[in-house]
Structures are given as structure tokens and as C-alpha cells.
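J.: Need coordinates for the following:
(3 chains)
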Amino acid sequence: MNGEVVLAADLNLQETLECGQCFRWNAVPAPDGEIRYQGVALQNELTVSQRGDRVTFHCTKEDFQQYWKSYFDLGTNYGEIHSQLCDISPVLSEAAAYAPGIHILRQDPWEALCSFILSQNNNIPRIKGLVERLCRYFGARLPSGAFAFPGPEVLAALEISDLVPVRAGFRAKYILDAARSVLNGAVDLKKIREAPISYGRRELQKIYGVGPKVAECTLLYGFYKTEGFPMDVWMRRAMQKLLPGLDPETFGKNAGLAQQYLFHYSRMHPDLVA
DNA sequence: ACCCAGGAAATTC
DNA sequence: GAATTTCATGGG
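T.: Residues are numbered from 1 along each chain as shown, chains lettered A, B, ... in the order given. From the prediction side, this is the model:
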């Protein structure tokens, strides 16, 4: 159960885990000059740390190969995507320079769907609290002691009153409809995985409480539909100020990464998008 | 078209 | 330290 996998990567843990695409990773104390995160994904707990471009996965080679290599999208050539996006516009190039180590995580679709339902009208610290309580109350206990994300079959069996301690407010009923829709096949996550993004947009929005923004986040972060481009208030302002008149379609199949660059850049320069 | 639900964090006063 | 803003979706 112990072991280590060390590799040099273009991945930046902080940029990737704190850009709002995931909610179950937390920074933990680490030696000087090192940054370390602990989190749960894919029914596994992991500690991962970084010093410069050297990333250490505190897990067995087998677990790294089976789960984490893919989860952190280490098989994708980000250098090439990065330079393609930089060619589109100097502004995008400037934005990309602020977080060149962002990767799009390959998260579990169901967990992403629930997480982004809970994310609506909320800020990241609060979303993390909601997700954590959902797992703590209803998720299975993993060997490490951490809690897995509860599957649709677990949540579909609940009533609104069961979700009260999660303190999700009006979002609780959305979670239940999502769980029931997935469980009874009204929304087929496998089909969404294999189909074009337009199908996923239509299907996910059949769920009560899922609109365009939540659907787009789920498709990008949960289904690795990299052409997804979630448009929230921040992104609308950022696009208007930084790239006026530009259609996100211009970013093509890597729109999602462009969105991450712009989002991160805008938050670091709020004055530029005001 | 507008306001609220149910909060907590971030921002501004 | 207190008031105000933020925020995605659906319903009234």
C-alpha cells in the first residue's frame, strides 16, 4: 500500500487542484519548498507532492498506472495545446503564461455532476464543505479511512430530509433528481461519454436543477469533453474585456483549457475585467 | 421582468 | 466590525 512514483512533469499541482475544477483536494503541511495535497478520487485516497517540476505520487506503481496517470492527464501533450492556444491571440498567450501547469483532470462523471450541481450560486470553500459532508454522511468508508463519493444508487434512495445535515439548501432536491435520473436510465452517463458534447448538453439539462453552466462544467471536468467552455459571470466579463467579439468556438477542441487560463488570469487581475 | 430560496465567503463600507 | 455583494437554476 506504500511506495512512491516520482516523475518530471509539466503539471503544476497548485494551479490544477485550485482552479475550481475539483473539490476534494486539500493542501497539507509539507517540507520547505515542497507543495503537497491530499485528496480522494476514483474511490482512492492519494497524497501527492511537488518540488519544482518533480512530482511525487505517494502510492504504488500499480495504483499510479491504474488511476492517477490518467486522472492527472499525464498522457496528454500540454506543450502542444498550449502553443496552439497562444497562436490564437496575444491576450490568451499572456493569460496562459500565468498558469502554464494547469491540467484538465479526468474526474468521475457522477461526482462531477453532483459537485457542480452543488457549486451553483456558491463559492469554492463552501462547495468543498458541501461535498465533504455528502461523502461523510453517505459515502463508503475506504481502507485508508477516507470517504468515497456516494454513488447514484445510494443518493437515489434518500429523501430531502436525509440531506438536511449536508446543508445544501435548495440544491438538495437537484441532487436527488440527478441520482434518480442516472439510476433509472433517464440520463445515461455512458452514452454521454461516447457521444458528441451537444448530446451531453441536452441530456444533462433534462435533470432538474442542471442548466447550461452546470452541464458544461460536468462535460468538461467529468467527461473530459475538452471543447467545453463554461460561461459564468466571471468568464462573460473576462471575454468581454479581454477578447471582445471572440466566439469561444474559435478555441476549438481545447476551449476548456483556454477557459481555465482566462479564468485564472482574470481572478489574478480583477481590475482588468471590471 | 423581477425576486427569492439558504447559506457562507469575499469584498466593500 | 458591519453592511453588501457574489452566485446558477427554477418557480412564483
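
J.: Show me what the helix or strand that A:G256 is a member of is packed against.
T.: A:G256 belongs to helix A:255-268 when elements are defined using DSSP states H and E. Applying 3 or more C-beta pairs under 8 Å, 6 or more residues apart in numbering; DSSP states H and E, we find helix A:255-268 packed against helix A:78-88, helix A:90-96, helix A:233-242. From N, CA and C alone the C-beta is placed, and that goes for glycine too.

J.: can you list the residues of the stretch 51-200 of chain A near DNA strand B?
T.: A:121-123, A:125-126, A:129, A:167, A:169-171 (C-beta under 7 Å from any atom of the strand).

J.: restrict those to contacts with DNA strand C.
T.: Near DNA strand C, by the rule C-beta under 7 Å from any atom of the strand, you find A:121-123, A:170 out of those.

J.: which of those has the most neighbours?
T.: Neighbour tally across these (other C-beta atoms under 10 Å): the maximum, 15 neighbours, falls on A:N122.

J.: A:G129 is in contact with that residue, correct?
T.: No - assessed by C-beta atoms under 8 Å, A:N122 is found out of contact with A:G129, at 9.6 Å.

J.: What does A:V6 show for phi and psi?
T.: phi -120, psi 140 (degrees, to the nearest 10).

J.: That one: neighbour count?
T.: 12.

J.: Excluding chain neighbours, give the residue nearest to it in space.
T.: In space, and not counting its chain neighbours, A:V6 is closest to A:T56: 4.9 Å by C-beta to C-beta, 6 or more residues apart in numbering.

J.: List the buried residues for the helix or strand harbouring that neighbour?
T.: Following DSSP H and E, one finds A:T56 within strand A:54-57. For strand A:54-57, the neighbour count (16 or more other C-beta atoms under 10 Å) marks A:55-57 as buried.

J.: any idea of the mean pLDDT for the helix or strand just after that strand?
T.: Using DSSP H and E, the next helix or strand after strand A:54-57 towards the C-terminus is helix A:61-63. Averaged over helix A:61-63, pLDDT sits at 98.

J.: Contacts for helix A:61-63, please.
T.: Contacts with helix A:61-63, where a contact means C-beta atoms under 8 Å, 6 or more residues apart in numbering, come from A:3, A:5, A:44, A:46.

J.: Now render those residues as JSON lines, adding pLDDT and neighbour count.
T.: Formatted as JSON lines, those follow (pLDDT from 0 to 100; neighbours: other C-beta atoms under 10 Å):
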{"residue": "A:G3", "pLDDT": "93", "neighbour count": "12"}
{"residue": "A:V5", "pLDDT": "98", "neighbour count": "18"}
{"residue": "A:N44", "pLDDT": "97", "neighbour count": "18"}
{"residue": "A:L46", "pLDDT": "97", "neighbour count": "22"}
